[in-house]
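Q: Please find the sequence and the predicted model below.
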Amino acid sequence: MKPISHRLNERGQSTLVEIGFTLLILGIVMAFLFTTIESAQRTVATTKMRVTNLDEARTLMAVLTKDIRTATRLTAGSAPFVTATDRDVVFYANLNNTTGGPRRVRISIGASSEITTAMIPPDAASVAPDYTYTGPATVRYVGRYLANTAAQPVFEYFGTDGTQLVTPLSSTDRLAVSSVKITLVVRAPSRLSHGNITLVDQVRLPNVDYQSTG
């Protein structure tokens, strides 16, 4: 028969081993739980950021397509576009045109990746079709977070036969534009690797289609 003190010592050692093993298992379980919670939080944050990007992209696209669709010629033989590049376009438009002639509209991308439009109504003293535009512009903030790279033009221009026109457009090509393709890559600043949202739409110019170039 073992002495009582020896049995207690064995029992104490056994208890310490059991406690240590239990703590080890508990640590593994807790680490797994923390990892799962962190992953779930990251997923929720990523989803929220993608929704933010998508909403911003939709807002930008809605405004740009609406504005560009109103492009028009001042006369049958004139170009609707004054200048047309990958990230900047100036054109005449029947936009908010309740009185007077077409507005002169500029859509541009700022240094901070925001998009603005500037609209100038024709001078009150000018007469169709010889409108002049020397007054101050009404600038409208459209949106932000534009993330197009140099290889992703915001604006691309196409003729009636579907041929893409080379930017910046020449005076001849500005006459030939029949539709404008808009590509918006949007990404709000974030540490999350949630990726970009890309929207693409091609806008036909109905006013231009019904106006002869000659």
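A: Sure, I can see it.
Q: average pLDDT across the longest helix along the chain?
A: In the chain, with assignment by DSSP state H, the single longest helix is helix 4-69. Mean pLDDT, helix 4-69: 77.
Q: going forward, begin numbering at 53 instead of 1
A: Shifting the count to begin at 53 puts that one at helix 56-121.
Q: where does it sit relative to the chain's centre, distance-wise?
A: Computed by C-alpha atoms, centre = their mean, to the nearest Å, the chain-centroid distance of helix 56-121 equals 31 Å.
Q: which strands and helices sit next to the helix or strand that it is followed by?
A: Using DSSP states H and E, the helix or strand that follows helix 56-121 towards the C-terminus is strand 133-136. On a contact count with 3 or more C-beta pairs under 8 Å, 6 or more residues apart in numbering; DSSP states H and E, strand 133-136 meets strand 140-145, strand 207-210, helix 223-228. Every residue, glycine included, has its C-beta placed from N, CA and C.
Q: Highest mean neighbour count out of the ones you listed?
A: Most buried of the helices and strands packed on strand 133-136, by mean neighbour count (mean count of other C-beta atoms under 10 Å): strand 140-145, with a mean of 22.
Q: what packs against that strand?
A: By 3+ C-beta pairs under 8 Å, 6+ apart, strand 140-145 packs against helix 56-121, strand 133-136, strand 155-161.
Q: hmm, 7 Å instead?
A: Secondary-structure packing of strand 140-145 (3 or more C-beta pairs under 7 Å, 6 or more residues apart in numbering; DSSP states H and E): strand 133-136, strand 155-161.
Q: and of those, who's closest to L257?
A: Taking C-beta to C-beta, strand 133-136 is the member of the helices and strands packed on strand 140-145 nearest to L257, at 9.7 Å.
Q: List the pairing partners of the closest one within its sheet, with orientation.
A: strand 140-145 (antiparallel) (DSSP bridges).
Q: The strand it pairs with versus helix 56-121: what angle between them?
A: Here strand 140-145 runs at an angle of 40 degrees relative to helix 56-121 (axes from the mean of the first three to the mean of the last three C-alpha atoms, to 10 degrees).
Q: Next, the angle strand 155-161 makes with strand 140-145.
A: Using the same axes, to 10 degrees: strand 140-145 against strand 155-161 is 160 degrees.
Q: ok so, going back, please produce JSON lines containing the helices and strands packed on strand 140-145, extended by mean pLDDT and mean neighbour count.
A: As requested, the helices and strands packed on strand 140-145 are exported to JSON lines (pLDDT from 0 to 100; neighbours: other C-beta atoms under 10 Å):
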{"stretch": "strand 133-136", "mean pLDDT": "96", "mean neighbour count": "18"}
{"stretch": "strand 155-161", "mean pLDDT": "95", "mean neighbour count": "20"}
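Q: Which of these sits closest to R226?
A: strand 133-136 (4.4 Å).
Q: what distance separates the closest one from the centre of its chain?
A: Per C-alpha atoms, centre = their mean, the centroid offset for strand 133-136 relative to its chain is 22 Å.
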